[in-house]
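> Sequence and predicted structure are below.
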Amino acid sequence: MWGLAATVVVVAVALSVLLGGSGTVPAVAAPRPLAVRAHSTAVPLAQVAELARVAAGDGSPGLRQGTHVQSWSLGMSDDGPPITLPEERVVRWRADGSHTEVVVATDPSHPGRPVLTDGGLAEDGKVLSRHTFPPMWGDAPPLATPPHDPAKLRTYLSELVNSSTLTTSELLDATRELLDNWTLGARETAALAALLADTEGLRPAGQVTDRLGRTGQAYVCEGAAGARRMLILDPGTGAVLGLETTFTRDDPEYGVRAGDVMEYSAWLR
C-alpha cells in the first residue's frame, strides 16, 4: 500500500510538470484509458480459467524465456524533467544462457509519429538500446522456470514479489514481472488463469479492444491510493493481453484527473 502511494505521488508530480497542472493544454499527449464496450457481456474469470484449461490440453504453444511487450509510462530522473516513454521491448534468450534486449521507441496509438524519450524526440521505430548479456542461470524467480501447477505457481509468484500473502494487487504486480521475463505457454497460462479466478477483488467488467487492436475481457481491481488496475485477458485462451493503471480521483494540486493513465503494458507472443 505504501509502495503504491509513493508511486502515485511520483507519477502525479510527473504529470504536473509534464502536463503543466490542471486547466492547461497537455504538452505531451497521454494515452486514453481503455474503455469497456457498452452493453458487452462480462465473462466470469472462472469461465475463462476453464477455457484456458481446455485450450492447454495439448500443451501448445510452449513456454519461452524472454518477452515482447509494448508499454507506456511516466518516468522520473535525477538530472532532467519527467518524460513519457512509449516503447517496445523484445528480449530473446539463447541456448547458452545468454540473451539480447532491444528497446524501440514506438507508440501504437500514434503509429508513424515521433516519440518523446529521455534523449528528446525520436522517430517512430528508432532503436533506443540494444544489449547482449552474458550467460546467466538461477533457481529463483524470475530466472527459474515458472511451473504450470496453480499452487506451485502461486509460490513462485509470491517469491517474485517477496510476499507471503499475495494480495490481489501483489498478484497483478507479480503477473507483470512474470510476463516481463517469460512468454507463457498454454499450461502456464491456464495455471495463471486459475490463480486469478481464485482471487477476490477482480471484477469482470466486459469486453475491451486493447491498444494493439485485440479483443479481450477486462477485469478491474480497485486499489489503494486512488489507483485502479485493469487486467485484459484473451477470453478463449486465458492469455494476459495487457495491464493498465489509471487514477480514480482528481487531484488539482498535481493536475491529475480521474481516468488519467499512469502506465500500461501490452504483451505479445
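Noted; the coordinates are in hand.
> Show me what residue 222 bridges to in the sheet.
For residue 222, the residues forming beta bridges with it (DSSP bridges) are residue 228.
> ok, it - how many residues close by?
Around residue 222 there are 13 other residues, counting by other Cβ atoms under 10 Å. Quick note: C-beta positions are derived from backbone N, CA and C, even for glycine.
> ok, residue 247 - contacts?
For residue 247, the contacting residues are 8, 12, 226, 227, 228, 256, 257, 258, 259, 260, 262, taking Cβ atoms under 8 Å, 6 or more residues apart in numbering as the criterion.
> which one of those residues sits closest to residue 93?
The shortest gap between residue 93 and any of the contacts of residue 247 belongs to residue 262, at 29.8 Å (Cβ to Cβ).
> What strand or helix carries the closest one?
strand 261-268 (DSSP states H and E).
> Ok, residue 111 next?
Secondary-structure element containing residue 111, defined by DSSP H and E: none, the residue being outside all helices and strands.
> Read off the pLDDT value for the nearest residue to it once chain neighbours are set aside.
In this structure, residue 111 finds its nearest non-sequential neighbour in residue 124, 6.5 Å apart by Cβ to Cβ, 6 or more residues apart in numbering. For residue 124, the model assigns a pLDDT of 84.
> Surely residue 124 touches residue 108?
No: assessed by Cβ atoms under 8 Å, residue 124 is found out of contact with residue 108, at 10.1 Å.
> any chance you could map the strands in the chain?
Chain-ordered strands for the chain, with DSSP state E as the definition, fall at 64-75, 83-84, 87-93, 99-105, 115-117, 120-122, 127-133, 182-183, 203-209, 215-222, 227-233, 240-247, 261-268.
> So which of those is nearest residue 58?
Ranking these by proximity to residue 58 (Cβ to Cβ) places strand 64-75 first, at 16.4 Å.
> That closest one relative to strand 240-247, how many degrees between them?
Between the axis of strand 64-75 and that of strand 240-247 there is an angle of 20 degrees, by axes from the mean of the first three to the mean of the last three Cα atoms, to 10 degrees.
> could you say what helices and strands strand 64-75 packs with?
Where contact means 3 or more Cβ pairs under 8 Å, 6 or more residues apart in numbering; DSSP states H and E, strand 64-75 is packed against helix 2-19, strand 83-84, strand 87-93, strand 182-183, strand 261-268.
> looking at the ones you listed, which has the lowest confidence?
When mean pLDDT is averaged over each of the helices and strands packed on strand 64-75, helix 2-19 scores lowest at a mean of 39.
> Low-confidence stretches in the stretch 151-269 of the chain?
Regions of the stretch 151-269 of the chain meeting the criterion pLDDT under 70 cover residues 224, 254-255.
> try it again with 80
Judged by pLDDT under 80, the stretch 151-269 of the chain has its weakly predicted residues at 223-225, 251-256.
> For the closest residue to residue 43 other than its chain neighbours, give me its contacts.
Leaving aside its sequence neighbours, residue 43 sits nearest to residue 217 (Cβ to Cβ, 6+ apart; 4.9 Å). For residue 217, the set of contacting residues under the criterion of Cβ under 8 Å, 6+ apart consists of 42, 43, 48, 204, 206, 207, 208, 232, 233, 234, 235.
> Is the first one in contact with residue 202, as I believe?
No: with contacts counted by Cβ under 8 Å, residue 42 stays clear of residue 202, the gap being 11.4 Å.
> Settle it for me: which of these two has more neighbours?
In this view residue 42 and residue 202 are compared by other Cβ under 10 Å, and residue 202 has more residues nearby, 21 against 15.
> roughly how far apart are that one and residue 49?
According to Cβ to Cβ, to the nearest Å, residue 202 stands 11 Å off from residue 49.
> tell me, what's touching these two both at once?
The contact lists of residue 202 and residue 49 share residue 196, where a contact means Cβ under 8 Å, 6+ apart.
> can you give me phi and psi for residue 114?
In terms of degrees, to the nearest 10, the main-chain angles of residue 114 are phi -60, psi 150.
> Identify the residue spatially nearest to it, adjacent ones excluded.
Take residue 114 and drop its neighbours on the chain: the residue closest to it by Cβ to Cβ, 6+ apart is residue 121, 4.5 Å away.
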